[in-house]
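quick one, what's the 3D model for this:
(one chain, ligands or ions: 1)
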Amino acid sequence: MNPIIESLRGTLVVSCQAYPGEPMRDPRTMAQVAAAVVAGGAAAVRAQGIADIRQVVATVDVPVIGLWKDGDDGVFITPTLDHAVAVAEAGAHVVALDGTRRPRPDGRTLAQTVAGLRERADALVMADCGSLDDALAAQDAGVDILGTTLSGYSGERPRTDGPDLELVDQLVASCTLPVMVEGRVHTPAQAAEALAHGAFAVCVGTAITHPTTITGWFADALVR
Ligand SMILES: CC(=O)N[C@H](C=O)[C@@H](O)[C@H](O)[C@H](O)COP(=O)(O)O
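Now for the predicted structure:
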């Protein structure tokens, strides 16, 4: 197994993202957040957008999983080969891209995208999947690691309150590649449970790095 992927076995990965128009949307801020989560034990960081990826790579000494969100509907996570190459050129050790079976905006298949990226860069590839069929297809397409990132967002799986552990079970049973549980892991207990289901690693975003959402959880709990 590739040493970068091997280094993630059984670990916590933290996604550091701020969304358009939000107060923390600044590459320096995200790099500081990344440094803070590494200090807390994150074995890798996931970062969005070329400027953030560059700044985070320059700031932390753990692997960086990079993605470029373009749009917010359909295939928007590193949707084309050009996006993937740009993410790799920004320094990401792993390029995360949409790993669903939906048509991609540049007309390439996932396999063509992975092959094209491999011609141009050494980066590893993480497929953000929304179902078992996505994961099986992504594995065939030659990616290095499978994520449950798009479960509940691509129309094939329900949006569970916590992580989609049923999908984790399916992927662990049917796929040979390492499985990163990502999406709606909101508590340490859920993270541990995901590993107990056979996940290779766990990626947490919102519950660690999105204070607006976390504050909302608390504020809502106080409304009578
Ligand atoms: C669906 C989608 O666009 N997911 C994105 C992928 O990078 C991020 O918005 C999530 O924050 C990330 O996947 C981590 O998940 P959670 O924030 O639920 O821990």
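
direction included, what does the helix or strand hosting residue 146 pair up with?
Of the helices and strands defined by DSSP states H and E, residue 146 is found in strand 145-147. Each strand that strand 145-147 pairs with, and the sense of that pairing, follows from DSSP bridges: strand 124-128 (parallel), strand 179-182 (parallel).

now do the same contact list for the closest residue to the ligand within the chain.
Among the residues of the chain, residue 205 lies nearest to the ligand; the distance is 2.8 Å by CB to the nearest ligand atom. C-beta coordinates here come from the backbone N, C-alpha and C atoms, glycine included. Taking CB atoms under 8 Å, 6 or more residues apart in numbering as the contact definition, residue 205 lies against 14-17, 46, 182.

out of the residues you listed, which two sit at the greatest distance?
Across the contacts of residue 205, the two members that end up farthest from each other (CB to CB) are 16 and 182, 13.2 Å apart.

is residue 151 within a helix or a strand, and which one?
In this assignment (DSSP H and E), residue 151 forms part of neither any helix nor any strand.

all helices of the protein, in order?
Listed in chain order, the helices found in the chain under DSSP state H are 3-6, 27-39, 50-59, 81-89, 110-120, 132-141, 165-174, 188-196, 206-209, 211-221.

redo these as TSV? Include mean pLDDT and mean neighbour count.
Putting the helices of the chain into TSV (pLDDT from 0 to 100; neighbours: other CB atoms under 10 Å) gives the following:
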stretch	mean pLDDT	mean neighbour count
helix 3-6	97	14
helix 27-39	99	19
helix 50-59	98	21
helix 81-89	98	21
helix 110-120	98	17
helix 132-141	98	20
helix 165-174	98	18
helix 188-196	98	16
helix 206-209	98	19
helix 211-221	98	11
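
now render the ones you listed as JSON lines, adding distance to residue 74.
Conversion of these to JSON lines gives the following (distance: least, CB to CB, whole Å):
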{"stretch": "helix 3-6", "distance to residue 74": "28"}
{"stretch": "helix 27-39", "distance to residue 74": "25"}
{"stretch": "helix 50-59", "distance to residue 74": "21"}
{"stretch": "helix 81-89", "distance to residue 74": "14"}
{"stretch": "helix 110-120", "distance to residue 74": "14"}
{"stretch": "helix 132-141", "distance to residue 74": "14"}
{"stretch": "helix 165-174", "distance to residue 74": "20"}
{"stretch": "helix 188-196", "distance to residue 74": "27"}
{"stretch": "helix 206-209", "distance to residue 74": "22"}
{"stretch": "helix 211-221", "distance to residue 74": "23"}
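
rewinding a little: buried deepest among the strands paired with strand 145-147, which one?
Across the strands paired with strand 145-147, the average number of neighbours (mean count of other CB atoms under 10 Å) peaks for strand 179-182, which reaches a mean of 29.

do that one and the ligand come into contact?
Yes: with CB under 6 Å from any ligand atom as the criterion, the ligand is reached by strand 179-182 at residue 182.

can you list contacts of that strand?
Contacts of strand 179-182 from elsewhere in the structure, counted by CB under 8 Å, 6+ apart, are 8, 13, 15, 126, 128, 135, 145-149, 163, 168, 171-172, 191, 194-195, 197-203, 205.

quick check: residues of this protein near the ligand?
Counting by CB under 6 Å from any ligand atom, the residues of the chain close to the ligand are 15, 17, 67, 149-150, 153, 182-185, 203-207.

which residue sits closest to residue 199, ignoring its sequence neighbours?
The shortest distance from residue 199 to any residue other than its chain neighbours is 4.3 Å, reached at residue 181 (CB to CB, 6 or more residues apart in numbering).
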